[in-house]
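Q: Quick one, structure for this:
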Amino acid sequence: MKGFRQPRSAADFIATMGGLGDASLAPGTWGSLVACAALAPFRDARPPYVAGLAVLGLAAVWSAGLVARQMKTVDPGRIIIDEAFGMGLVLLAPLPAGWQGLATAFGLFRLFDILKPPPLKALERLPGGWGIVADDAGAGVYACAVMLAISRMG
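A: Residues are numbered from 1 along each chain as shown. You can find the predicted model right below:
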């Protein structure tokens, strides 16, 4: 992968998902896709999944904040653990069976993450890692709400 480099620290490893954030093309999309594939098999084990998601969220805030400070920038594109956390939130929703349900959840998450409807853009102004993670968490909640609405219609 062009631009790929070894993570420099534990925080860098977490924030970039093992260096995947250094992908030259659409690192956030790759991070979301990998998170979807990695987390989906565990989503039905609710208490452990939710506990793991809480740990992931805290690790995301810590690592993203530290790496952004080290890079002296607010939200570097190479930080993609926030996408993993947001994607994990979407997977809390009831999904249609099969790959179509996962594809819909993934697509909705990416749509909301890219468009950042209100108040997601404002959440980016939170300090440090909180601002980096909060807008993706919000995109995950929006996508989760849409998936819930879809499940109730069918």
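Q: thought Phe112 was touching Lys121?
A: No. Under the criterion of Cβ atoms under 8 Å, Phe112 is not in contact with Lys121, lying 11.4 Å apart. All C-beta atoms are positioned from the backbone trio N, CA, C, and that covers glycine.
Q: Please enumerate the helices of this protein.
A: For the chain, helices defined by DSSP state H occupy the ranges 10-15, 27-39, 46-71, 81-90, 99-115, 120-123, 128-153.
Q: Would you mind finding the most buried of these?
A: Comparing the helices of the chain by mean neighbour count (mean count of other Cβ atoms under 10 Å), helix 81-90 ranks first with a mean of 28.
Q: that older thread, can I get the helices of the chain in CSV including mean pLDDT and distance to Gly21?
A: Formatted as CSV, these follow (pLDDT from 0 to 100; distance: least, Cβ to Cβ, whole Å):
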stretch, mean pLDDT, distance to Gly21
helix 10-15, 95, 7
helix 27-39, 96, 5
helix 46-71, 96, 9
helix 81-90, 98, 8
helix 99-115, 96, 15
helix 120-123, 94, 20
helix 128-153, 96, 12
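Q: What's the separation between the nearest residue to Leu95 once chain neighbours are set aside and Val90?
A: Among residues not flanking Leu95 along the chain, Gly101 sits closest, at 3.4 Å (Cβ to Cβ, 6 or more residues apart in numbering). Distance, Gly101 to Val90, by Cβ to Cβ, to the nearest Å: 11 Å.
Q: any idea how far the residue nearest to Leu95 lies from Gly86?
A: From Gly101 to Gly86 the distance is 17 Å (Cβ to Cβ).
Q: ok, the most centrally placed residue in the chain - contacts?
A: Nearest to the geometric centre of the chain sits Glu83, at 1.8 Å (Cα atoms, centre = their mean). Counting by Cβ atoms under 8 Å, 6 or more residues apart in numbering, Glu83 touches 28, 31-32, 35, 113, 136.
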